[in-house]
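Q: next come a sequence and a model predicted from it.
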Amino acid sequence: MKILFILIGLIALGFSARWNWWRLPKKGVAILMYHKIGAPPRNSKLKNLWVSPEKFDRQMRYLQKKAIPVITFAEYYQMLQEKKVPDKAVIITFDDGYQDNYTTAFQVLKKYGFKAMCFLVTDTIGIVNKWHDPATEPHQKMLSLAQIREMQAAGMEFGSHTLSHLNLNELNIEAANIQIAKSKPVLEQVLGKPVDVFAYPYGAGAYNPAVKQLVKPAGYKLAVGIKQAINMRGQEDLFALKRITVRGDENMLDFYLQITRGKNRL
Ligand SMILES: [Zn+2]
């Protein structure tokens, strides 16, 4: 009998470490970070950056069912300016600009009437993710200009993810500045509208003052990093906004904990 209680206790502890239901819900905006929606290639060493279309659909359906507002960065910026950030809201982001963001994610988003942000690497638009080492995953097709324009016409937002996806912490400051500042007008030329949001590749630079201080003078209004948390109202770091990585191996309990607490595991 005693053994049984100990066993149940251990299972409960294990569950609570893996799924942090005991954290308090946080007030603010959860910025979800996705990369690829689809099935990973068999030899991929980055399988968790792929979320299946079924799972993505289920997550979007959950947001709709629970009436959690899905907002754009333009709306968020306005709310920040007016100090009217709601208790709860979600922003959906995709890093790098893979073609499946159009062929798969965009089709799901349209179904629910949601808009999302894609962070583009300007040098790779219409080709493949050539910065990537194919030893860990074969190159993937990136969004084409025509796809970007169609998504933009439907209200999707686009931001800069630099010219060529280098690690900004490994560059000298002039080279880092070119990646940050030059990608903005290049992208604005493509989109025909201002580009206000920046995403640091690998999150690198978001936590390095020498790099981070380049972003505002380049003309951006907001920037996102990769630290895992909800952007709590009144405590937002506008040039290193926190995000929530949605991993391919997570279930709906993980998703619920992530968007309410900013964390799902220890
Ligand atoms: Zn990236």
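A: Nice, I can see it.

Q: host element of Ile226?
A: For Ile226, the host element (DSSP states H and E) is strand 222-228.

Q: partner strands of whichever helix or strand comes after that strand and their direction?
A: Reading on from strand 222-228 to the C-terminus, the next helix or strand found by DSSP H and E is strand 231-232. Here strand 231-232 is paired, per DSSP bridges, with strand 28-34 (antiparallel).

Q: ok and the lengthiest strand in the chain relative to strand 222-228, angle-wise?
A: The residue-count maximum for a strand in the chain (DSSP state E) belongs to strand 88-96. Here strand 88-96 points in a direction 90 degrees away from that of strand 222-228 (axes from the mean of the first three to the mean of the last three C-alpha atoms, to 10 degrees).

Q: next to the ion, which bits of the stretch 151-266 of the chain? Give me the list.
A: Residues of the stretch 151-266 of the chain lying close to the ion (C-beta under 5 Å from the ion) are Pro201. (Each C-beta comes from the backbone N, C-alpha and C, glycine too.)

Q: returning to what we had before: which strands or helices does the following helix or strand past the longest strand of the chain pack on?
A: Toward the C-terminal end, the helix or strand that comes next after strand 88-96 (DSSP H and E) is helix 100. With contacts defined as 3 or more C-beta pairs under 8 Å, 6 or more residues apart in numbering; DSSP states H and E, there are no secondary structure elements packing on helix 100.

Q: mean confidence for helix 100?
A: Rounded to a whole number, the mean pLDDT of helix 100 is 98.

Q: ok, which stretches of the chain are strands?
A: Under DSSP E, the chain gives strands at 28-34, 36-37, 50-51, 88-96, 117-120, 157-160, 197-199, 222-228, 231-232, 241-245.

Q: which non-adjacent residue is nearest the spatially most central residue of the chain?
A: The residue at the geometric middle of the chain, judged as the C-alpha nearest the mean C-alpha position with C-alpha atoms, centre = their mean, is Met33 (2.2 Å). Taking C-beta to C-beta, 6 or more residues apart in numbering, and ignoring the residues beside it in sequence, Met33 has Arg243 as its nearest neighbour in space, at 4.3 Å.

Q: wait, what's in contact with the nearest residue to Met151 once chain neighbours are set aside?
A: The shortest distance from Met151 to any non-neighbouring residue, by C-beta to C-beta, 6+ apart, is to Phe106 (5.6 Å). Each residue near Phe106 by C-beta atoms under 8 Å, 6 or more residues apart in numbering is listed here: 151, 154, 156.

Q: could you report the neighbour count for the last one?
A: By that I understand Met156. Using other C-beta atoms under 10 Å, Met156 has 23 neighbouring residues.

Q: isn't it up against Cys118?
A: Yes - under the contact definition of C-beta atoms under 8 Å, Met156 touches Cys118, with a separation of 6.6 Å.

Q: rewinding a little: so for Leu80, which of the strands of the chain sits nearest?
A: Nearest to Leu80, of all the strands of the chain, is strand 222-228, at 8.2 Å by C-beta to C-beta.

Q: so where's this protein uncertain?
A: Along the chain, no part satisfies pLDDT under 70.

Q: mind doing that once more with 90?
A: For the chain, residues meeting the criterion pLDDT under 90 lie at 1-3, 13-25, 43, 263-266.
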